[in-house]
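Peer 1: sequence plus the predicted model coming up.
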Amino acid sequence: MKNKNKTTRTSTQCKDTSKYSNQQFFRKLNASIKDKCKTSGIVLTDFIQTSSGIVLHAITKNRLPCCPYCGEPSHSVHDYRYRKLQYTEILSQNSKIIITCRRMNCTNDKCSKKTFMEPLKFARPYARSINEVVSRMQKESLKQPSRLAGQTLASQHIKVSSSTCLRTARSLGKENPMDIACSGYVAIDDLAYRKGHKYMCAIADHYTRRVLAMFDTRYGPEIGEWFKMHPQIKLVSRDGSWAYASIIKEALPDAEQVSDHFHLDKGLGDHMVEVIQKMICQKKNTLPYPYPSLDEARSYIMEDLYEMGEIKHRKRVRNYFAARHMQEEGIPLKDIAEKLNVKSQQVYNLFNTNIKKILSNDQMKILRQTPELARIISSGSIAPTSIEKKMDGRLCSKLICKATKGLRDRYKILRQQVRIHNKDPKNKKGTKVTAKAIRKYIMTGMTTSEKLLKLKQTQPNIDSIIQTCISFRNMVAGKEDAPDIDTWLKLAYNCNCRKLASFAEYITRDKEAIKNTYLTNYSNGIMEGTVNKIKAIKRSMFNRASVELLRAKAIYGGYYPLN
């Protein structure tokens, strides 16, 4: 009886049920992408559910599409084309969309194009995926290696190969972005792409800590061009590189430059460690080669200046400078005449005579360059050829020989005595103290090494050298009791230390940037972390990352969204 009363469904009823289920799925599908269709300018017409996912069919609803070349609206249809684009996942399934697009005739006679494809709001021309899919591909490709990016996108139901992810990331790094936001305070430093062979340069923002640009060269002209494209930059921090200083000064003459205090301390240590090592390796008062101080070199030059010319001319020059010196001390004219053993009228005439009428042309040239000449000699250059190179053609070798004759004769004797003394077999070299202990002694004045403590007995000027180094460290750190840069330069030149005078010469060339080191709170420390980050990205790709890929991942990857 139960079998007789049981009702069976007809084939028509089964078809109606399947149709009902399809309608339910279509409603869910339409509801999920309804808002997207409204904003994107398309109308969903049909869908097909396959084993590989969902295929959507749509048509455009723009009545008068505009020509992308001239902006003129058009109503003339040339023909219809189909665009197949990869879509985002729908109901946790892979999806594609096929859009029937119109190819329009441009009604503008002046336009260079006769036909154009109807533009889509959510996809670029010739693209194979919608913009949302492309942005996901870019985001994942920049965050991680291409193979992992392909796996992550597959979990989001987006089919893409690892090669496509690699090309997507690399296309972003072809050039440095010119419209990138910048606070106006940046840092610059170089990094090794292949150590010892190829170097790159990176620029980062002090406040956002964002990499603004990367260059495949260390000192190329494109760095200066980039700075010229960003005139809003007010301050640039850098290391002690003179090449970067000249590039920045040429591109941004009004921008301030800040030299990094870590590199300054390291530079001082590199200069002075060798000096102290030589001192402690010389036993029983072994002497280094002597060099004159700044004041001593100036006095020797002036003595040679007085001895140029005939006897009558030399006497007049000496009386002129002696009278001027006594006048500055406040001595009356009568007393000056008595000390010079001349008449008062002659002293009066000397005071009212232009110095150009007293000195010859050669003497005037030497007098103008006397401060620079004395500074170069005190920094450790006595040979006329080396002085001429550092003078950059301001004095010829003939005048340099005349101006340094007495000084060279005097120090030739002193150097010969030092050479004989140092060749004595009793004065042999001993063992060296570690560079770390010497650096600590230079920067703090404290040490536990007996050899360093005994330096005061053998080297009388060691105290002045150590105090000058400590005062430099305090000056760079911005301490209150530290001297200013001009005072420190005088201390360095008067220490009778060649290496310290050479370091002071470098400080003189970069005085403004070093002054900003202790007047501002900016340093180049941000670039140390930035360089380490870029190196970590390079090593994660087994050091095979191209310059374009490295630039894209450093500027965009994992920090800020793409525009």
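Peer 2: Structure received. Numbers count the residues shown, from 1 in each chain.
Peer 1: Leu212: which element?
Peer 2: strand 211-215 (DSSP states H and E).
Peer 1: pairing partners for that strand, with directions?
Peer 2: strand 198-205 (antiparallel) (DSSP bridges).
Peer 1: contact partners of the strand it pairs with?
Peer 2: 182-183, 185-193, 210-220, 223, 226, 526-527, 530-531, 534, 547, 550, 554 (CB atoms under 8 Å, 6 or more residues apart in numbering). In this view, the C-beta of every residue, glycine as well, is placed from N, C-alpha and C.
Peer 1: and that strand, which residues are buried?
Peer 2: 199-205 (16 or more other CB atoms under 10 Å).
Peer 1: contacts for stretch 527-542?
Peer 2: 145, 187-189, 191, 193, 202, 204, 209, 211, 214, 237, 545, 549-550, 553-554, 557.
Peer 1: among the contacts of strand 198-205, which ones are in strands?
Peer 2: Among these, the members found in strands (DSSP state E) are 185-193, 211-215.
Peer 1: out of those, which are buried?
Peer 2: Buried among those by 16+ other CB under 10 Å: 185-191, 193, 211-215.
Peer 1: closest to Gln457 out of the residues you listed?
Peer 2: Using CB to CB, Asp189 comes nearest to Gln457 of those, at 43.7 Å.
Peer 1: report pLDDT for the closest residue to that closest one other than its chain neighbours.
Peer 2: Nearest non-adjacent residue to Asp189, counting by CB to CB, 6 or more residues apart in numbering: Met527, 3.7 Å away. For Met527, the model assigns a pLDDT of 91.
Peer 1: Asn5 too?
Peer 2: For Asn5, pLDDT reads 50.
Peer 1: ok, now Ile382?
Peer 2: 84.
Peer 1: contacting residues around it?
Peer 2: Listed by CB under 8 Å, 6+ apart, the contact set of Ile382 reads 291, 404, 407-408, 411.
Peer 1: could you export the buried ones among the ones in strands among the contacts of strand 198-205 as JSON lines, including pLDDT?
Peer 2: Output for those, formatted as JSON lines (pLDDT from 0 to 100):
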{"residue": "Tyr185", "pLDDT": "94"}
{"residue": "Val186", "pLDDT": "95"}
{"residue": "Ala187", "pLDDT": "94"}
{"residue": "Ile188", "pLDDT": "94"}
{"residue": "Asp189", "pLDDT": "93"}
{"residue": "Asp190", "pLDDT": "91"}
{"residue": "Leu191", "pLDDT": "91"}
{"residue": "Tyr193", "pLDDT": "87"}
{"residue": "Val211", "pLDDT": "92"}
{"residue": "Leu212", "pLDDT": "92"}
{"residue": "Ala213", "pLDDT": "92"}
{"residue": "Met214", "pLDDT": "92"}
{"residue": "Phe215", "pLDDT": "93"}
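Peer 1: is the residue most central in space within the chain bridged to anything, and to what?
Peer 2: In the chain, the C-alpha nearest the mean C-alpha coordinate belongs to Ile188, at 1.8 Å (CA atoms, centre = their mean). Applying DSSP bridges to Ile188 gives these bridge partners: Ile203.
Peer 1: right, and it touches Ala243 too?
Peer 2: No: with contact taken as CB atoms under 8 Å, Ile188 and Ala243 are classed as non-touching, separated by 10.7 Å.
Peer 1: Arg318: neighbour count?
Peer 2: 15 (other CB atoms under 10 Å).
Peer 1: show me what the one helix or strand it maps to is packed against.
Peer 2: For Arg318, the element it lies in under DSSP H and E is helix 311-328. Judged by 3 or more CB pairs under 8 Å, 6 or more residues apart in numbering; DSSP states H and E, helix 311-328 is in contact with helix 294-306, helix 333-340, helix 344-351, helix 355-358.
Peer 1: run the angle between it and helix 344-351 for me.
Peer 2: Between helix 311-328 and helix 344-351, the angle comes out at 80 degrees (axes from the mean of the first three to the mean of the last three CA atoms, to 10 degrees).
Peer 1: output the below-cut-off pLDDT ranges for the stretch 301-450 of the chain.
Peer 2: Applying pLDDT under 70 to the stretch 301-450 of the chain picks out residues 424-432.
Peer 1: I meant the stretch 1-150 of the chain, not that one.
Peer 2: Ranges of the stretch 1-150 of the chain meeting pLDDT under 70: 1-26, 28-39.
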